[in-house]
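# fold the following, please.
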Amino acid sequence: MITGEIKNKVDAVWDAFWTGGISNPLEVMEQITYLLFIRRLDDEQTRALEMANLLEQPIEGNPFPTGKDEKGRPYNDLRWSVFRDRQADDMFAIVADRVFPFIKEMRGEDSTYAHFMKDARLTIPNAGMLQRVVDRLDKVPMENRDTKGDIYEYLLAKIASAGQNGQFRTPRHIIELIVHMTAPKPHDTIVDPASGTCGFLVGASEYLRANHADAINSGTGKQHYHHEMFHGFDFDNTMLRIGSMNMLLHGIEQPDIRYRDSLAEANTVDAEAYSLILANPPFSGSLDYENTAQDLQRIAKTKKTELLFLALFLRLLKPGGRAAVIVPDGVLSGSSKAHKELRRILVEEQKLDAVVKLPSGVFKPYAGVSTAILFFTKTNSGGTDNVWFYDVRAEGYSLDDKRSALLSEGKIGVLAELGEDEHEKNNLPDVLRRWNEREGSELDRVRTDQSFCVPKGDIVAQGYDLSLNRYKEAVHEEAEHRSPLEILDELERLEKEIGDGMMQLREMLAGGGK
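The predicted structure is shown next:
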């Protein structure tokens, strides 16, 4: 986690935009992303020069050419470390007229990041504002990979806290829960077909660094991790730029982050290409049949995007592949033919592993919709014996629009060590612990518990309804009732006490009158 001092430096960068008149948080984030990319190119140039000097060989891998351009201007002027020290007007002219055109036309770096810079546009309006932003951003430490990633995550959180575009972000602690439950492996090929800021992919990459460092740091494992493991699709170019930079700053060299309408007929080439899907697809909206892939319509004849995405996940997964996806409650209990058919497929033709119900305030203040996480494995041959259910009632934050932390920072998240009283404020560590026992002790839990298993036969008998409340049993405390005779005796005693009291009061009043 970044320190308060670094947060203050990041806040100063953000404030420079707001006081300069750029108040759209997505635009602020996009401009910061461009500048971070330009700063990264300078670091790449420095490394290339140091390597050339060390080996006493010509420079290689340098993003900026040596020498001068066709107008006789040094390419060296394009470097962050050079233009940051220029006068404001000179800096603005270099960045606007030379640096941005350069990054838009880059050919030397064949990467996801360079690809999304091709339509880069500087919207900082004047030299004074650019100088303030560059000066403040230069003070933010970006040398350490963990720090860089945390800084960018902090910036992304500021998009949400600014009151716009919160729908693009799944809460980090929910991503952490899902990633730890699916436990990505070094050989996995991971996709998020509605990737947004790439939070799920970043979460998976961090899990692998923490748990499989040896396997991904050398040889074929390293190549797979940096070039073939991570895939993210979105049809918002701003989100693609932001998501790509998020991956870069978390140390992924060449992720496959690209423009794609995942549900469209044109995008059907990667069936059964992925072993793990992590996603929070759009909850609402509908599409025209004509624009939707026909193979998805064969699975679910519907216009609802949340159902079409489920059908898409089944197409994208390899046999044996697994998925963890957030869905609205309507997917679990909807009564349409498409709803029922998709649930039947998950239970009968694939292996439905778990339904984890989330509190309805998880996505506040942007949405109050009730959601759940579906975990399933693609088998094409069934395999559902028991489905594990967990009723998450608290995840560390208040469930109102403020979303205030209920515990200290070290007690938030899935890996926190909590006391029994603290569990009531953060269920996530318990979810992970019990998930790992779902084929053991969890089978013996009763349906009045917070988690329990439901046999496939019971789910079939309920028409494949997957809502937790369909199977959960309420605890009713036995009430003790007195017999009618006891109640009558009590009433008689009370009546006598009232009569005696009235008689005493009458005598007192009579005595006072004399």
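
# which stretches of the stretch 301-450 of the chain have low pLDDT?
301 (pLDDT under 70).

# swap in 50 and give it another go.
Along the stretch 301-450 of the chain, no part satisfies pLDDT under 50.

# where do the strands sit along it?
With DSSP state E, counting those that start in this stretch as the criterion, the stretch 301-450 of the chain has strands at 317-328, 351-357, 371-377, 386-391.

# and for the chain?
Along the chain, counting by DSSP state E, strands occupy 190-192, 230-234, 256-259, 274-279, 317-328, 351-357, 371-377, 386-391, 451-455.

# can you put the ones you listed in JSON lines and add distance to residue 177 and mean neighbour count?
The way it works is simple: take the backbone N, C-alpha and C, and place the C-beta from them, glycine included. JSON lines is the format used below for the strands of the chain (distance: least, CB to CB, whole Å; neighbours: other CB atoms under 10 Å):
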{"stretch": "strand 190-192", "distance to residue 177": "16", "mean neighbour count": "26"}
{"stretch": "strand 230-234", "distance to residue 177": "20", "mean neighbour count": "25"}
{"stretch": "strand 256-259", "distance to residue 177": "23", "mean neighbour count": "18"}
{"stretch": "strand 274-279", "distance to residue 177": "11", "mean neighbour count": "24"}
{"stretch": "strand 317-328", "distance to residue 177": "9", "mean neighbour count": "20"}
{"stretch": "strand 351-357", "distance to residue 177": "8", "mean neighbour count": "23"}
{"stretch": "strand 371-377", "distance to residue 177": "8", "mean neighbour count": "22"}
{"stretch": "strand 386-391", "distance to residue 177": "10", "mean neighbour count": "23"}
{"stretch": "strand 451-455", "distance to residue 177": "14", "mean neighbour count": "20"}
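
# so which of these gets nearest residue 217?
Taking CB to CB, strand 230-234 is the member of the strands of the chain nearest to residue 217, at 16.0 Å.

# OK, contacts around residue 427?
Taking CB atoms under 8 Å, 6 or more residues apart in numbering as the criterion, residue 427 is in contact with 390, 392, 393, 394, 395, 450.

# highest neighbour count among the residues you listed?
Using other CB atoms under 10 Å as the neighbour criterion, residue 390 leads the contacts of residue 427 with 25 neighbours.

# now tell me which helix or strand of the chain has the poorest mean pLDDT.
helix 294-299 (a mean of 65; mean pLDDT, DSSP states H and E).

# among the strands of the stretch 301-450 of the chain, which comes closest to residue 90?
It is, among these and with distance given as CB to CB, strand 317-328, at 49.2 Å.

# one step back: distance to residue 189 for the contacts of residue 427 - can I get that in a markdown table?
A markdown table is the format used below for the contacts of residue 427 (distance: CB to CB, whole Å):
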| residue | distance to residue 189 |
| --- | --- |
| 390 | 28 |
| 392 | 29 |
| 393 | 35 |
| 394 | 34 |
| 395 | 29 |
| 450 | 34 |
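
# which among those residues gets closest to residue 61?
For the contacts of residue 427, the nearest to residue 61 is residue 395 (44.4 Å; CB to CB).

# how about the strands of the chain, which one is nearest residue 464?
The nearest among the strands of the chain, by CB to CB, is strand 351-357 at 9.4 Å.

# got the CA coordinates for that closest one in CSV?
What follows is strand 351-357, C-alpha atoms only, in CSV (Å, rounded to 0.1, in the frame of the first residue of the first chain):
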residue,chain,number,x,y,z
LYS,A,351,-20.3,-28.3,-13.3
LEU,A,352,-21.8,-25.6,-11.2
ASP,A,353,-19.5,-25.2,-8.2
ALA,A,354,-20.9,-22.4,-6.1
VAL,A,355,-23.2,-19.4,-5.7
VAL,A,356,-21.8,-16.7,-3.4
LYS,A,357,-24.5,-14.1,-2.6
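
# parallel or antiparallel, list what pairs with it.
strand 371-377 (antiparallel), strand 386-391 (parallel) (DSSP bridges).

# what angle separates it from strand 317-328?
20 degrees (axes from the mean of the first three to the mean of the last three CA atoms, to 10 degrees).

# still on that earlier bit, among the contacts of residue 427, which one sits closest to residue 347?
residue 390 (17.8 Å).

# now the residue positioned nearest the centre of the chain, nearest residue through space, not along the chain?
The centroid of the chain falls nearest to residue 170 when counting by CA atoms, centre = their mean (3.1 Å). Sequence neighbours aside, residue 280 is the residue nearest to residue 170 in space, at 4.6 Å (criterion: CB to CB, 6 or more residues apart in numbering).

# that neighbour: how many residues sit nearby?
Neighbour tally, residue 280, other CB under 10 Å: 27.

# any idea how far it lies from residue 4?
30 Å (CB to CB, to the nearest Å).

# do the same with residue 440
From residue 440 to residue 4 the distance is 43 Å (CB to CB).

# and what of residue 302?
In terms of CB to CB, residue 302 sits 49 Å off from residue 4.

# what's the answer for residue 434, then?
Residue 434 is 35 Å from residue 4, by CB to CB.

# looking at those two, which one has more neighbours?
residue 434 (20 against 7).

# isn't the more buried one right up against residue 442?
Yes - checked against CB atoms under 8 Å, the pair residue 434 and residue 442 is within contact range at 5.7 Å.

# now for the two: what residues contact both?
Joint contacts of residue 434 and residue 442 (CB under 8 Å, 6+ apart) are residue 451.

# what's near enough to touch residue 73?
residue 98.

# ok so, going back, so which of the contacts of residue 427 is the closest to residue 407?
The closest of the contacts of residue 427, once distances to residue 407 are taken by CB to CB, is residue 394, at 9.6 Å.
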